[in-house]
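Peer 1: structure of the sequence below:
(2 chains)
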Amino acid sequence: MEPADDILLDDDAALELPAEPMRLNMGPSHPAMHGTIRMVLDLDGETVQNVDVQPGYLHRGFEKSCERGTWAQVFPYTDRLNYVSPMCNNVGYALAVEKLLDIQVPIRAQYYRVMLAEIARICDHFTCNGAAAMELGAFTPFLWILKVREWLWHILEAETGARMTHSFARIGGMAAEPTPGFKAAVRARIPEVRKVIAETETMLIKNRIFLDRTQGVGILTKERAIALGCTGVIGRASGIPYDVRKDNPYLVYGDLDFEVPIGQDGDNWDRFSVRFEEVHQSLRILEQCLEKMPDEGPVSVSDPRITLPPKSEVYNTIEGTIAHFKLIMEGLKPPKGEVYSFTEAGNGELGFFIVSDGSGTPYRIRVRPPCWFNLQAVREMVMGDMIADIIPTFGSINMIGGECDR
Amino acid sequence: MTTGLLLLTTALKILFILLVTVGAFAPMLVWAERRQSAMMQDRIGPHRAGIRLPAGAADAFRASVLPMRLAAAASGAVGALLLLLLAFAWAADDASWLPVSPLELTATGVGLLVLGGILDVGSKIHGMLADNGGNISLAGLLHPLADALKFIFKEDFVPPKADKLLHSLAPIITLMPAIAVFAVIPFSDVLYLEHWDAVVPRNGVVTGDVTAIPLQVANLNVGVLFLFAIAGTGIIGAAIGGYASDNKYSLIGGIRAASQMVSYEVALGLTIVPCFMIYDSLRLEAMATWQHDNGVWGICVLPITIAFVLFFTAAIGETKRIPFDLPEGESELVGGYLTEYSGMKFGMFFMSEFIEVVGLAAVATVIFFGGWDLPFVYRDGIDFPGVWDAQLASFVMGVEYNGAVEGIDATGIALAHWGVLALGVVGFLAKIVALIWFQLLTRWSLPRFRYDQMMQLCWKGLLPAALGNILFTGVVVLLGEGAMQMAVWSGTFVVVGSIVFFFLPALKRDPRVPAGAQPAAS
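Peer 2: Numbering: from 1, shown residues only, chains lettered A, B, ... in the order given. Next comes the predicted model:
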């Protein structure tokens, strides 16, 4: 609304025809409402007067499902939380149970976890930034970016055997050693990823239309971001320098040199550029890991109560058979207690609060999904903006339904 | 002209226009757009589809690249050498030491140069075919046909509470004006029926009792105004379609279409006023003729250069394509006014969008790029003034030169009337293709405006700029011949400069990642 309109409305209010806002249901089945969110909009022309954001259409009962299997059987569920970066969730859950068990995985596994999680983070940020371009109508950069994601998924597929639902982490280590070609594949891709970022940026960051569409749109102030519990890119774009990797280092993040980019205005543009900058930082982390990760050594703790024995032992020794049987049928048994463990996932602080009653089955698993808190901010971001701003703003939150609704 | 002849020629011209637009350009455009976008986005598309050639074809093609390139270089070098010999002989004004006559020498030299060019292009094509694994990548041309069949046989869904009449009427209202725009577009110069195989004079003045057939369906005296009126009706279809669909997304899309039309129609009309002032006519054929007779395309006259930028922006706004596709607004409005359309009704909207693209290219070609005018092509044939003068001609022809030679002082290569007209049509279509390609590039590069930004661009950007340009044009026209000359120079400078400094470097940079960066096989 132009400033002049206010004056006119005040003076000529009596001349205006009676009008009431149009109520528009956007979603849950709307092509741009990924993650089946429903938004009930009250529109004054193109301007959003009120919006009611309703999540919940993708609720599958993740937390309850976890209570019926062994601790190790939770991993496939975590893949389906944030399905764009499942390795981050795998690692997050494994770390939580390991905290309860009070064990540390071997150094090689730590680097391996960091590398896979960073690759997953790049995929996550790329998907979101590509979608940000696509939602503004720029389809070409989107596909360039998806091409990169495809390269990275090829690497993850070679390592884990699956493109998306990896289920690759294990309590006390990883399911398998890195493949012999892993380091070479990552090393070869890093410069190419940088190149595609540069190309994509030439299409977008010097583009007047793109700047106008993103700058000053969907603003979330620092105070509100803190009040709503926003973490991750959303919080950092609003100026909160909080990154779990930096503030509460887990795995080997304390030994790695990287920076935490923060934004100033908390608008869509800041979220877009913070994501690309974080990709650069992730690439730096990957390069350091390539240097530091040992090529030899175990990737799992050598405790038969936690780690499955190798198949040769299972088939040939009675100890191996028994250990295998116990771990599969009863599961590993963490001590009684509660623990909250949190990691930096693609969208922010991903926390697992787990309660153990000492049995082989989780008593309670509660997830702190970053998306859930970030989604609360959407209403404040889009109020007063135009209908065309809703989709890019919602996209910049990178709400993943599987994680938000669980 | 008799009524019968008038009807016959008009019917033929309408048929030609329909064949070119609906029959050829629109389907080819569908194909070209898919191909172009797939290439830009480095994804699977028609450019990777292929008609598979027999095994070994790729190797054969690759093997033939180097010999062809060598042959091209040799042929070009020999041709250039022969022409150099000719130049020496001419400079010495003595042809006696040449082994053959100057005419034979010229013919051989030029022929070898052309052969070299063809071989070079051929080697490039062979290289592309080899890179493509021996596939001819023109496959996919039939895809638009399959599309049309699909549209026809799909269910024609009408929402239960929609206004059935308006819902069906909307696609027709959109499609018809898109085609009707071509009524006033001249696709070549005037045809003098009795002189069709004779050479007409350069100034185009034919005496005697002749039947002049303008090569455009209707030479209206309101020309451009008709065009605006008709183009404006097009969006009414979108607005009605949005209103009649009984869907809030459609409604918003329709309203956006209506307001966009109102705004951009105003800007569109004003951007083009400088062209009327300089061409001194509203008739499109007169504009093309002005550019031909003055030997300068409109784009090279500074006020019209500015007008072109403004016009093209506003006209893309009228075609409702990215960055102005707000009525469709696929991310927020699902499909905008198209949401509730399916089957051939959607197909008609789809087709009208593509025909509008062709129409815009055609209008811009006539007003800014000389229409059917081609460099060095005159009404009496091909001529290179300054290079190919009577003296050189007489030397090459081996005719004594003394001031003026009978048969040669009408310099250049004489062409029959029909040949010149056909060249004009070809040139006109080639320019349309170039402008369409430019529109495709724009469409696949840019993000979409927001509603208020689009309105600001129109009312605060294009409109004042167009008004200022009108004032500027008025000054130029009032100042007379000298100022006009300056405008032509500076306009040419701007056009050439922007091509050299902005367009060519941008083209050279391959947006795709080089071949080395293909995903690892897994």
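
Peer 1: just the pLDDT for the residue nearest to B:I355 when sequence neighbours are not counted.
Peer 2: Leaving aside its sequence neighbours, B:I355 sits nearest to B:A178 (CB to CB, 6 or more residues apart in numbering or on different chains; 4.2 Å). C-beta: built from backbone N, CA, C; applies to glycine. At B:A178, the model reports a pLDDT of 85.

Peer 1: okay, now B:A178: neighbour count?
Peer 2: Using other CB atoms under 10 Å in any protein chain shown, B:A178 has 28 neighbouring residues.

Peer 1: okay but it is in contact with B:E356, surely?
Peer 2: Yes - if you go by CB atoms under 8 Å, B:A178 and B:E356 touch, sitting 4.9 Å apart.

Peer 1: need the residues touching each of those two.
Peer 2: B:G234 (CB atoms under 8 Å, 6 or more residues apart in numbering or on different chains).

Peer 1: what is the neighbour count of the residue nearest to B:A414 when sequence neighbours are not counted?
Peer 2: Spatially, and ignoring its direct neighbours in sequence, B:A414 is nearest to B:G381 (4.2 Å; CB to CB, 6+ apart). Using other CB under 10 Å, B:G381 has 20 neighbouring residues.

Peer 1: which residue is the nearest non-sequential neighbour of residue 204?
Peer 2: If you meant another chain, say so; for now it's chain A. The shortest distance from A:L204 to any non-neighbouring residue, by CB to CB, 6+ apart, is to A:F210 (4.8 Å).

Peer 1: other chain: chain B
Peer 2: Distances taken as CB to CB, 6+ apart place B:R379 nearest to B:G204, at 5.0 Å, with adjacent residues excluded.

Peer 1: same thing with B:I432?
Peer 2: Nearest to B:I432 is B:A361, by CB to CB, 6+ apart, at 4.5 Å.

Peer 1: ramachandran angles for the nearest residue to B:R283 once chain neighbours are set aside?
Peer 2: Of all residues not flanking B:R283 in the chain, B:G223 sits nearest, at 4.3 Å (CB to CB, 6+ apart). Main-chain torsions, B:G223, degrees, to the nearest 10: phi 30, psi -90.

Peer 1: now do the contacts for B:G223.
Peer 2: By CB under 8 Å, 6+ apart, the neighbours of B:G223 are B:184, B:281-287.

Peer 1: kindly recompute the last result at 6 Å.
Peer 2: Applying CB atoms under 6 Å, 6 or more residues apart in numbering or on different chains to B:G223 gives the contacts B:184, B:282-284.

Peer 1: cool, and B:G254?
Peer 2: B:239, B:242-243, B:337.

Peer 1: next one: B:L415
Peer 2: B:L415 makes contacts with B:G381, as judged by CB under 6 Å, 6+ apart.

Peer 1: A:L95 too?
Peer 2: When contacts are counted by CB under 6 Å, 6+ apart, A:L95 touches A:S341.

Peer 1: again, only this time at 7 Å
Peer 2: A:250, A:341, A:343 (CB atoms under 7 Å, 6 or more residues apart in numbering or on different chains).

Peer 1: columns secondary structure on top of the contacts of B:G223, output as TSV?
Peer 2: Output for the contacts of B:G223, formatted as TSV (DSSP: H, G, I helix; E, B strand; the rest coil):
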residue	secondary structure
B:V184	helix
B:L282	coil
B:R283	coil
B:L284	helix
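
Peer 1: circling back to that earlier point, mind putting the contacts of B:G254 into a markdown table with distance to chain A and pLDDT?
Peer 2: As requested, these are exported to a markdown table (distance: CB to the nearest CB, whole Å; pLDDT from 0 to 100):
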| residue | distance to chain A | pLDDT |
| --- | --- | --- |
| B:A239 | 16 | 86 |
| B:G242 | 14 | 86 |
| B:Y243 | 14 | 86 |
| B:Y337 | 15 | 84 |
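
Peer 1: residue in chain B with the shortest distance to chain A?
Peer 2: B:R448 (3.2 Å; CB to the nearest CB).

Peer 1: next, count neighbours for that residue.
Peer 2: Other residues close to B:R448 by other CB under 10 Å number 25.

Peer 1: residues in contact with B:L435?
Peer 2: With contact taken as CB under 7 Å, 6+ apart, B:L435 is in contact with B:361, B:364-365.

Peer 1: nearest to A:R149 among the residues you listed?
Peer 2: B:A361 (36.2 Å; CB to CB).

Peer 1: residues from the stretch 101-250 of chain B in reach of chain A?
Peer 2: Counting by CB under 7 Å from any CB of the partner chain, the stretch 101-250 of chain B comes close to chain A at B:K248.

Peer 1: can you pull out the helices in the stretch 101-250 of chain B?
Peer 2: Per DSSP state H, counting those that start in this stretch, the stretch 101-250 of chain B carries helices over the ranges B:102-131, B:143-153, B:164-180, B:223-244, B:248-271.

Peer 1: cool, and the stretch 351-500 of chain B?
Peer 2: B:390-397, B:417-445, B:451-456, B:463-479, B:481-498.

Peer 1: state the mean pLDDT of the longest one.
Peer 2: When you say that, I think you mean helix B:417-445. 85.

Peer 1: over to stretch A:224-236?
Peer 2: Stretch A:224-236 comes out at a mean pLDDT of 89.

Peer 1: what sits up against it?
Peer 2: A:220, A:238, A:240, A:242-243, A:260-263, A:266, A:271, A:274-275, A:278, A:347-349, A:370, A:373-374, A:376-377, A:380, A:397.

Peer 1: what do you get if the cut-off is 6 Å, keeping everything else the same?
Peer 2: Here stretch A:224-236 makes contact (CB under 6 Å, 6+ apart) with A:238, A:240, A:242, A:262, A:271, A:274-275, A:347-349, A:370, A:373-374, A:376-377.

Peer 1: with stretch B:9-24 instead?
Peer 2: Counting by CB under 6 Å, 6+ apart, B:182, B:213, B:217, B:355, B:358 sit against stretch B:9-24.

Peer 1: now find how far off-centre stretch B:206-221 is within its chain.
Peer 2: Stretch B:206-221 sits 24 Å away from the centroid of its parent chain (CA atoms, centre = their mean, to the nearest Å).

Peer 1: whichever residue of chain A sits closest to chain B: which element?
Peer 2: Chain B sits closest to A:G137 of chain A, with a gap of 3.2 Å, by CB to the nearest CB. A:G137 belongs to no helix or strand when assigned by DSSP states H and E.

Peer 1: number of residues surrounding it?
Peer 2: If we define neighbours as other CB under 10 Å, then A:G137 has 25 of them.

Peer 1: that one against B:R321, yeah?
Peer 2: No - counting by CB atoms under 6 Å, B:R321 is not a contact partner of A:G137; they are 10.0 Å apart.
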